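# got a structure for you, letters missing:
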């Protein structure tokens, strides 16, 4: 090969390399990348799978409508395994290597709490779509972490909403406690006690907690029966609720004392264990596929169509909705600058499938939860109620 041929080949190679670089650079300029940290392996992987499916469905819908300020949304996923150290590792990569402006995460509260200092230092927006520990937003906004937002009700909000419905709408006044002996179970009762003074007519008549493997509740149910309680405040384990319901039936408490709180009261398995006991039970959920708003029903149909008929769960919905929320904030800001998006999100009035959504000064979403009651052996949606948090002084 002569010198001219060599130069020609070199020039063509250089032009080809330049074309590839330019195409890749143009593609990068045309996308807006968002991080998504969730458990994609380990015991909670199924929840992470739902989260990723919901978020990617929303991105597809947004992109089909023109994207955000002319850019297509693209997700970069990181596996937290529901372990704080893994979530921190994924977040560091997204912040330092991928240079992502926004991250959604995590389903597990412990991971989200570990992510907060990292995004704060980097000036990266963290929008949570599933963690329920109240401490996340105690520390956010005016609490210190101005870059953390949460588009999900907390355990505290759930307890406040359930209590409000039980007292104001059902006329229940005397409550016994029978909750799981864990941070979740005791925490929910502590939050209930925090909001109990809102209703001077209401009181707690007895307070008991059960261990994970406990199966005989007759002694404590006898105590509750004699206490004059109208309802049992129970934030517990799904597998334990049917056992308690059957033993309540044995002791003649069906129709006299109702379950109030959260323990999968509305599932077919639980109701079948003792329908007479479960009738009238009260539970709150962030979202359900049965929620009848047009936006919610459209989401369910689009999700099923996209994923082979699979029914979406709560995490699929909240990550779908949060992706749309972020897109709405970008459009409201009219800018891709992080400070502008954060400012727009703080003052946004967003119409979610659950109802109007705004943020308080701790960057916690004020949004409705679904109130469920079991009637005639089936869960019935009664209403949607929102509640504000009374933050510690």
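Looks like it came in fine. Quick caveat, the model's predicted, so the values are computed rather than measured.
# Show me the domain layout of the chain.
28-153+291-362, 156-285+371-385 (automatic domain parsing).
# Just tell me which of those ends up closest to residue 391.
domain 28-153+291-362 (6.2 Å; Cβ to Cβ). From N, CA and C alone the C-beta is placed, and that goes for glycine too.
# Now the closest one: average pLDDT?
In this model, domain 28-153+291-362 has a mean pLDDT of 96.
# just how off-centre is it within its chain?
Offset of domain 28-153+291-362 from its chain centre (Cα atoms, centre = their mean, to the nearest Å): 10 Å.
# Quick one: end-to-end distance for stretch 79-93.
11 Å (Cα to Cα, to the nearest Å).
# Can you list the buried residues in that stretch?
Neighbour-count burial for stretch 79-93 flags 79-84, 86-91 (criterion: 16 or more other Cβ atoms under 10 Å).
# And stretch 368-388, by the same measure?
368-374, 379, 384-387.
# Sort out for me which of these are in strands.
The strands, defined by DSSP state E, take in 369-374, 379, 384-385 from the buried residues of stretch 368-388.
# okay if I get the residues you listed as TSV plus distance to residue 170 and pLDDT?
TSV is the format used below for these (distance: Cβ to Cβ, whole Å; pLDDT from 0 to 100):
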residue	distance to residue 170	pLDDT
369	16	93
370	16	92
371	10	92
372	13	92
373	8	95
374	13	94
379	16	89
384	16	88
385	13	87
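# can you redo these as JSON lines with distance to residue 283?
Shown next, in JSON lines, are these (distance: Cβ to Cβ, whole Å):
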{"residue": "369", "distance to residue 283": "10"}
{"residue": "370", "distance to residue 283": "9"}
{"residue": "371", "distance to residue 283": "8"}
{"residue": "372", "distance to residue 283": "5"}
{"residue": "373", "distance to residue 283": "8"}
{"residue": "374", "distance to residue 283": "8"}
{"residue": "379", "distance to residue 283": "8"}
{"residue": "384", "distance to residue 283": "13"}
{"residue": "385", "distance to residue 283": "13"}
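# Closest to the centroid, which residue in the protein?
Nearest residue to the geometric centre of the chain (Cα atoms, centre = their mean): residue 130, 2.4 Å.
# Count the neighbours of the nearest residue to that residue once chain neighbours are set aside for me.
Spatially, and ignoring its direct neighbours in sequence, residue 130 is nearest to residue 107 (4.3 Å; Cβ to Cβ, 6 or more residues apart in numbering). For residue 107, the count of nearby residues is 26 (other Cβ atoms under 10 Å).
# I am finished for the moment; much appreciated.
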